[in-house]
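In: okay, here's the prediction I keep looking at, along with the sequence it came from:
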Amino acid sequence: MAKNIGPRSRKVKILATVGPASSSPEMLEKLYRAGADAFRVNMSHGEHETHAKTIDAIRTLEKKIQRPITILCDLQGPKLRVGKFKDGAAFIKHGAHFTFDRDPAPGDDSRVCLPHPEIFDVLKKGDRLLLDDGKLRLRVIRAGADEILTSAEVGGPLSDRKGLNVPDAVIPLAALTTKDRRDLVFALDKGADWIALSFVQRPEDVAEARGLIGGKAALISKIEKPAAVKRLDEILELSDAVMVARGDLGVELAPEQVPPLQKQIVENARRRGKPVVVATQMLESMIKAPAPTRAEVSDVATAVYDGADAVMLSAETAAGDWPVESVSIMDRIAISVESDPAYADRVHFTETLPDETTADAFAAASSKIAETVETAAIICFTNTGSTARRVARERPSVPLLVLTPSRNTARRVGILWGTYAVTTQDIGSFEEMIAKGKRMALRHGFGTAGTKLIALAGVPFGTPGSTNVLHVVTLTGDELKGYER
């Protein structure tokens with residue numbers, strides 16, 4: 001049985017995407033030991049058989065290292081694409097007119113089929129159509145039920161089935177396709193801890209997904225559409241977490257709009273106590289290069305300074321040449337930022353006022369006590385993870401030791417800032433809570449004799465949201481005597 005590596009030296013989490021470069025059991029362990037706290041399975045690529053092997057390998061690693069590991073399954077969502085061309089490609093000239101229609105005949109330099117009838121009903125004059133990840137930009141001149149006439153503001157080559165983005169309209173498409181529904185059933189059957197929902201435009205998209213998930217996993221909404229940004233508060237209210245999916249945001253919005261929007265999303269999520277992940281192209285150059293650019297290092301650092309719960313690696317670990325090095329450098333960047341004496345002031349620039357509840361008041365108080373009294377950790381006893389989320393929202397100066405009888409909860413908090421989860425047997429009394437908290441702290445390296453800890457719980461035990469006990473304890477160093485586990 002391999003020894004687990006204990007608490008990380010940082011509080012922000014690293015979410016690594018698994019793919020051909022990283023799906024072997026050996027590579028998964030290397031990524032975990034390099035700093036990956038959670039793994040993303042991208043349902044856009046690969047078959048269920050391949051994903052099942054990946055998930056099984058992660059669960060095997062979990063048993064080997066005796067630590068809960070978070071698995072996030074990312075649904076593809078609807079993909080808008082143009083039809084096919086006579087010669088497999090066409091060239092749209094700058095300033096030329098180009099027509100999208102419903103005729104399935106192969107296209108040419110002047111037209112192509114658009115096999116998405118929903119788009120014809122919502123476009124209006126002046127709306128933009130972006131093709132091939134924004135490389136081509138067309139402006140609508142006239143839109144009808146069967147034909148959309150556009151002018152090419154930025155032309156160029158266009159080949160079969162290239163992607164289409166419609167940033168200026170809400171497309172009446174469900175966020176979940178038939179494929180997504182099959183993938184969702186698979187992910188839930190395999191015990192995924194988080195489901196990432198793509199193509200979110202409306203809060204109704206989130207509500208539909210929540211209904212299908214039925215509490216079997218937590219839901220993270222990907223903010224990648226301008227329409228979602230406009231209804232961010234409503235989407236946050238219905239989501240368990242959000243992801244700043246900068247890939248599509250960067251296509252549908254002007255590049256200079258994305259950084260302030262990222263900060264806005266992170267701040268709003270933090271105020272609500274919802275985990276927030278910053279994703280896409282964080283260390284993009286490391287797909288091929290063994291070291292990142294200085295701009296990429298600054299990008300990761302900015303997300304850490306802003307207080308994001310997690311930063312994500314995509315192709316860098318899924319298909320890149322340097323997956324372990326990508327995780328390792330992201331780990332080192334985060335440690336460096338969190339070691340900055342100015343980090344505490346910057347991460348608390350976002351004001352997170354507690355709600356008018358006893359649970360929120362105690363969570364805020366625990367963070368203040370940690371600043372005043374030298375403590376090693378805040379111990380959170382929780383069944384659902386709500387206590388940990390409340391405390392993490394305050395971004396305390398010490399880590400959170402999360403003790404829970406629920407294996408699912410221990411896994412789900414794996415993308416939550418500052419947490420280190422341990423699955424334990426349930427507790428039945430205040431005295432047992434304190435004794436167990438002290439034992440777990442010693443066993444997992446959160447202090448030695450003389451170390452002070454803050455313990456948070458709710459009485460009666462097992463009642464979600466009932467945090468009403470805060471206790472400062474001191475370790476004697478003898479707490480493990482007579483206990484095998």
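Out: Thanks, I have the structure now. Residues are numbered from 1 along each chain as shown.
In: buried residues, stretch 242-257. List them.
Out: By neighbour count on 16 or more other C-beta atoms under 10 Å, the buried set for stretch 242-257 is 242-246, 248-253. Heads up, the C-betas are built off the backbone N, CA and C, glycines and all.
In: helices or strands up against the helix ranked longest in the chain?
Out: Counting by DSSP state H, the longest helix found in the chain is helix 48-65. With contacts taken as 3 or more C-beta pairs under 8 Å, 6 or more residues apart in numbering; DSSP states H and E, helix 48-65 sits against helix 25-34, strand 38-42, strand 70-74, helix 178-189.
In: dump the residue contacts of the residue lying closest to Lys179 once chain neighbours are set aside.
Out: Sequence neighbours aside, Gln76 is the residue nearest to Lys179 in space, at 6.4 Å (criterion: C-beta to C-beta, 6 or more residues apart in numbering). For Gln76, the contacting residues are 43-44, 177, 179-180, 183, 198, by C-beta atoms under 8 Å, 6 or more residues apart in numbering.
In: okay if I get those residues as TSV plus neighbour count, pLDDT and distance to Asp321?
Out: Formatted as TSV, those follow (neighbours: other C-beta atoms under 10 Å; pLDDT from 0 to 100; distance: C-beta to C-beta, whole Å):
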residue	neighbour count	pLDDT	distance to Asp321
Met43	24	97	24
Ser44	12	95	21
Thr177	17	96	32
Lys179	15	97	30
Asp180	23	98	31
Asp183	23	98	28
Ser198	24	97	27
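In: circling back to that earlier point, tell me the confidence at the residue nearest to Lys179?
Out: You'll see Gln76 listed with a pLDDT of 97.
In: now swap in Val154 and tell me
Out: Per-residue pLDDT puts Val154 at 97.
In: so the residue nearest to it when sequence neighbours are not counted, which of the three states?
Out: In space, and not counting its chain neighbours, Val154 is closest to Arg137: 4.2 Å by C-beta to C-beta, 6+ apart. Recorded secondary structure, Arg137: strand (DSSP: H, G, I helix; E, B strand; the rest coil).
In: mind listing the helices for the stretch 101-250 of the chain?
Out: Listed in chain order, the helices of the stretch 101-250 of the chain (DSSP state H, counting those that start in this stretch) span 117-120, 178-189, 203-213, 226-230, 232-238, 246-252.
In: what comes up buried for the second one?
Out: Within helix 178-189, the residues that qualify as buried by neighbour count (16+ other C-beta under 10 Å) are 180, 183-184, 186-188.
In: same check, this time on stretch 192-207
Out: Applying 16+ other C-beta under 10 Å to stretch 192-207 flags 192-203, 205-206 as buried.
In: reformat the residues you listed as CSV; add distance to Pro323.
Out: What follows is these, written out as CSV (distance: C-beta to C-beta, whole Å):
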residue, distance to Pro323
Ala192, 21
Asp193, 21
Trp194, 21
Ile195, 24
Ala196, 20
Leu197, 26
Ser198, 23
Phe199, 27
Val200, 28
Gln201, 33
Arg202, 36
Pro203, 36
Asp205, 32
Val206, 32
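In: and stretch 163-182, C-alpha only, in CSV?
Out: Provided in CSV are the C-alpha atoms of stretch 163-182 (Å, rounded to 0.1, in the frame of the first residue of the first chain):
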residue,chain,number,x,y,z
GLY,A,163,-17.6,25.0,-36.1
LEU,A,164,-19.9,27.9,-35.9
ASN,A,165,-20.4,30.4,-33.0
VAL,A,166,-23.4,32.7,-32.7
PRO,A,167,-22.5,35.2,-30.0
ASP,A,168,-25.3,37.7,-30.4
ALA,A,169,-28.3,35.5,-30.1
VAL,A,170,-29.7,32.9,-27.7
ILE,A,171,-30.1,29.7,-29.7
PRO,A,172,-33.2,27.7,-28.8
LEU,A,173,-31.2,24.5,-28.3
ALA,A,174,-31.2,22.5,-25.1
ALA,A,175,-27.8,22.3,-23.4
LEU,A,176,-28.1,18.5,-23.3
THR,A,177,-28.0,16.6,-26.6
THR,A,178,-29.0,13.0,-27.1
LYS,A,179,-25.3,12.2,-26.8
ASP,A,180,-25.0,14.2,-23.6
ARG,A,181,-27.8,12.3,-22.0
ARG,A,182,-26.2,9.0,-22.8
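In: chain center to that stretch: distance?
Out: Stretch 163-182 sits 20 Å away from the centroid of its parent chain (C-alpha atoms, centre = their mean, to the nearest Å).
In: over to stretch 292-301?
Out: Mean-position distance between stretch 292-301 and its chain equals 19 Å (C-alpha atoms, centre = their mean).
In: in that stretch, what's buried?
Out: 292, 296-297, 299-301.
In: and that stretch, average pLDDT?
Out: 98.
In: residues touching it, excluding its own?
Out: Here stretch 292-301 makes contact (C-beta under 8 Å, 6+ apart) with 282-286, 311, 329-330, 333-334, 336-337.
In: same thing with stretch 200-216?
Out: For stretch 200-216, the external contacting residues (C-beta under 8 Å, 6+ apart) are 170-171, 174-176, 181, 184, 188, 195, 197, 199, 219, 221-225, 227-228, 231, 234-235, 237-239.
In: buried subset of the residues you listed, written for PyMOL?
Out: Command for PyMOL that selects the buried part of these, burial taken from 16+ other C-beta under 10 Å:
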select buried, resi 171+174+175+176+184+188+195+197+199+219+221+222+223+224+225+227+228+231+235+238+239
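In: thought His471 was touching Val459?
Out: No - using C-beta atoms under 8 Å, His471 is not in contact with Val459, being 11.0 Å away.
In: how close does the nearest residue to Ile427 once chain neighbours are set aside get to Ile379?
Out: Leaving aside its sequence neighbours, Ile427 sits nearest to Met433 (C-beta to C-beta, 6+ apart; 4.8 Å). The gap separating Met433 from Ile379 is 9 Å, by C-beta to C-beta, to the nearest Å.
In: count of neighbours near Leu173?
Out: Taking other C-beta atoms under 10 Å as the criterion, the count of residues near Leu173 is 16.
In: how about Pro399?
Out: Here the number of neighbours of Pro399 (other C-beta under 10 Å) works out to 21.
In: got the contact list for it?
Out: Applying C-beta under 8 Å, 6+ apart to Pro399 gives the contacts 7, 11, 377-378, 418-420, 446.
In: go again using 7 Å as the cut-off
Out: Applying C-beta atoms under 7 Å, 6 or more residues apart in numbering to Pro399 gives the contacts 7, 11, 377, 418, 420.
In: give me the pLDDT value at it.
Out: At Pro399, pLDDT is 97.
In: ok, Phe461 next?
Out: Value for Phe461, per-residue pLDDT: 69.
In: related to what we said a few turns ago, what strand or helix carries the residue nearest to Ile427?
Out: Per DSSP states H and E: Met433 is located in helix 430-443.
In: follow-up on the earlier one: which residues are common contacts for Met433 and Ile379?
Out: Contact criterion C-beta under 7 Å, 6+ apart; residues shared by Met433 and Ile379: Ala455.
In: which of these two has more residues huddled nearby?
Out: Ile379 (29 against 22).
In: contacting residues around the more buried one?
Out: Ile379 sits next to 401, 403, 437, 441, 453-456 when contact means C-beta under 7 Å, 6+ apart.
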